[in-house]
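In: Predicted model and sequence below, questions to follow.
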Amino acid sequence: MVSTRFAVPLRRGLVIGLLLLLAGWGLASPAAAQPTDNKVSTTAAPAPKLDSGDNAWVLTSAALVLMMTGPGLALFYCGLVRKKNVLSVMMQCVFLMGMMSVIWAVYGYSLVFSGDNPWIGNLDYAFLRGCQPAMVNHHVDTPIYSGNIPTMPTTIPLLTHMLFQGMFFIITPALICGAFAERMKFSTMVVFMILWGTFIYCPLAHWVWGFGVLCYGSPNAHGIFAGGALDFAGGTVVHISSGVSALVCALVIGKRLGLGSEPMPPHNMTYTAIGASLLWVGWFGFNAGSALGSNGLAASAFAATHLAAAAGAVTWAVIEWVTRGKATVLGTCSGAVAGLVCVTPAAGYILPIYGIILGILVSLVCFYAVTTIKGRCGYDDSLDAFGVHGVGGTLGAILTGVFATRVTGATDAIDHSAKALGLLEGGPLLTAQVVAVLTTWALAIVGTFVILKVLDATMGLRVNKNDEIQGLDYSQHGEEGYIFL
């Protein structure tokens, strides 16, 4: 038996050795530098050619999506909490920008976009094998799209696609933080996000975008889940999954101390307004970037996105004006974000003018969710992650089944039959959209609940009473957001 004196160093050495072994496996040989054979690949496809314009746009979009997490979401959320918790919210966003990026490069991207298994990917792209430049037959080879991912174009490097999709992997768990703001332990948050990203986000993204059981046009979807659903930029994968998980977090963790008996107004609406504006701008990368090219589809998605946000902001402000006599900054910002959430799954599949309809409808529904349903049900979704993202994402995914049209050309690469899509043009898509929504809700509820219960039993979910009263800035990080000398 190894003595206690040497047990900890030995375990550390084993872990380090394992990591080095895995890294060596990922970089070792020319044969390992390429993904294994993908049964869905098409050998008859024409030789791919890099398009510098497409590549530049998708890289720019990746940067815009990263900006949505920090500073966009960080400012939006931190302005809504009390001043003693401002840094804790910022820290959650910034830390997740780092941690989720590493996980995505090591195995996340591979689990989502490799292999032809309908339920989960394999490790073909683990440690970025086959994505980064490699020496093949004494020549440097930079892998680009060659049919390895059937639903993707062939004009941008696989590495660019990895980066772009990685930014979605960052912001999705960050959205959940709005539900348990001001009361969750930072250490538990870290482990929760690792598990949530691995066991909820990666399988769901594979189902929807990786030619899995929910992917439109996938042979795995036909006869299993109503032929597959459409999700242009993450209505199910990002917003429903995070919003529903946020609701589960709020219910399991419980309410903030003093809620209902102590005033808890947003401490700095200036931050929130700036953050919302950054989210609006960054969302063009989120949605228009999902066209994966600098083309007409990107322009259409860009226009639909902007119009939905604009209509959502105006509608929410008008509702407040009519019902309360004053339009607020918080309401206008919430309406804009709700419009952006709702149009995300539909952006590339609808005519841009329909973005206005989506923005109006989602503001009406989300306003009711955050001002009425939350109060009646009694849950403490601190920053309305469920009320905006869960409800707005659900509505957007369903409305995609109503307004989606083949004329945008977004489905041409995966469906050459030119059949009708949405309900307005007599298509059957609505059924598949409802199935995808229900499936996403089920995975998010069950998976999040199990993860939270395991962590509660092992690490504890919530800070103690004194730490919560003192504020998470100091109790969790030993810092203060505002020091006046």
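Out: Nice, thanks for sending it over.

In: Need the three-state assignment for H222.
Out: Applying DSSP: H, G, I helix; E, B strand; the rest coil to H222 yields a three-state assignment of coil.

In: Find the nearest non-adjacent residue to it, please.
Out: Among residues not flanking H222 along the chain, G228 sits closest, at 7.1 Å (C-beta to C-beta, 6 or more residues apart in numbering). C-beta coordinates here come from the backbone N, C-alpha and C atoms, glycine included.

In: burial count for that neighbour?
Out: Counted by other C-beta atoms under 10 Å, the residues lying close to G228 total 28.

In: what's it in contact with, if anything?
Out: Contacts for G228 were tallied using C-beta atoms under 8 Å, 6 or more residues apart in numbering; they are 214-218, 221-222, 432.

In: and the residues you listed as CSV, adding pLDDT, distance to N464 and secondary structure?
Out: Formatted as CSV, the contacts of G228 follow (pLDDT from 0 to 100; distance: C-beta to C-beta, whole Å; DSSP: H, G, I helix; E, B strand; the rest coil):
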residue, pLDDT, distance to N464, secondary structure
L214, 94, 41, coil
C215, 92, 45, strand
Y216, 90, 48, coil
G217, 84, 51, coil
S218, 85, 48, coil
A221, 84, 47, coil
H222, 77, 52, coil
A432, 94, 47, helix
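
In: export those to JSON lines and tack on neighbour count and distance to M459?
Out: Output for the contacts of G228, formatted as JSON lines (neighbours: other C-beta atoms under 10 Å; distance: C-beta to C-beta, whole Å):
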{"residue": "L214", "neighbour count": "30", "distance to M459": "32"}
{"residue": "C215", "neighbour count": "26", "distance to M459": "35"}
{"residue": "Y216", "neighbour count": "26", "distance to M459": "39"}
{"residue": "G217", "neighbour count": "18", "distance to M459": "42"}
{"residue": "S218", "neighbour count": "25", "distance to M459": "38"}
{"residue": "A221", "neighbour count": "24", "distance to M459": "38"}
{"residue": "H222", "neighbour count": "13", "distance to M459": "43"}
{"residue": "A432", "neighbour count": "22", "distance to M459": "39"}
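
In: so where's the protein uncertain?
Out: Along the chain, the parts satisfying pLDDT under 70 run over 1-48, 135-151, 416-418.

In: Spell out, range by range, the strands that occur in it.
Out: For the chain, applying DSSP state E gives strands covering 134-136, 139-141.

In: If we ignore the residues flanking it in sequence, what's nearest L123?
Out: S110 is the one closest to L123 (C-beta to C-beta, 6+ apart), at 5.2 Å.

In: hang on, isn't that neighbour packed against I120?
Out: No: with contacts counted by C-beta atoms under 8 Å, S110 stays clear of I120, the gap being 10.1 Å.

In: Compare neighbour counts for those two and give me the winner.
Out: Counted by other C-beta under 10 Å, S110 and I120 do not tie: S110 has more neighbours, with 25 against 16.

In: residue contacts, the more buried one?
Out: Each residue near S110 by C-beta under 8 Å, 6+ apart is listed here: 121-126.

In: how much space between it and T172?
Out: The gap separating S110 from T172 is 18 Å, by C-beta to C-beta, to the nearest Å.

In: What of T400?
Out: In this structure, T400 and T172 are 19 Å apart, going by C-beta to C-beta.

In: In terms of neighbours, single out the busier of the two.
Out: Taking other C-beta under 10 Å, T400 and T172 do not tie; T400 has more neighbours (33 against 27).

In: so what's that one up against?
Out: 229-232, 235, 345-346, 349-350, 422, 429, 433 are the contacts of T400 under C-beta under 8 Å, 6+ apart.

In: of all those residues, which comes closest to A105?
Out: Closest to A105 out of these is D231 (23.4 Å), distances taken as C-beta to C-beta.

In: Let me know whether that closest one touches A205 as I believe.
Out: No: using C-beta under 8 Å, D231 is not in contact with A205; the gap is 9.6 Å.

In: can you list residues touching both of the two?
Out: Contacts common to D231 and A205, judged by C-beta under 8 Å, 6+ apart, are V237.

In: Mind checking which of the two has more residues around it?
Out: It is D231, of D231 and A205, that has more neighbours when counted by other C-beta under 10 Å, with 32 against 29.

In: can you give me phi and psi for G481?
Out: For G481, the backbone dihedrals (degrees, to the nearest 10) come out as phi -70, psi -30.

In: just checking, it touches L87?
Out: Yes: counting by C-beta under 8 Å, G481 touches L87, with 4.6 Å between them.

In: Neighbour count for the two, which is higher?
Out: L87 (23 against 20).

In: separation between that one and C78?
Out: Going from L87 to C78 by C-beta to C-beta gives 8 Å.

In: shared neighbours of these two, anything?
Out: Common neighbours of L87 and C78, counting by C-beta under 8 Å, 6+ apart, are G481.

In: And the helices in the stretch 51-200 of the chain?
Out: Along the stretch 51-200 of the chain, counting by DSSP state H, counting those that start in this stretch, helices occupy 52-67, 74-78, 86-103, 109-113, 158-176, 186-196.

In: Serialize those helices to CSV and add fields for distance to T408.
Out: Output for the helices of the stretch 51-200 of the chain, formatted as CSV (distance: least, C-beta to C-beta, whole Å):
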stretch, distance to T408
helix 52-67, 17
helix 74-78, 30
helix 86-103, 31
helix 109-113, 23
helix 158-176, 20
helix 186-196, 33
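
In: quick one: which of those is nearest P263?
Out: helix 86-103 (16.6 Å).

In: Now do the buried residues in the closest one.
Out: For helix 86-103, burial by neighbour count (16 or more other C-beta atoms under 10 Å) applies to 86-97, 99-101, 103.
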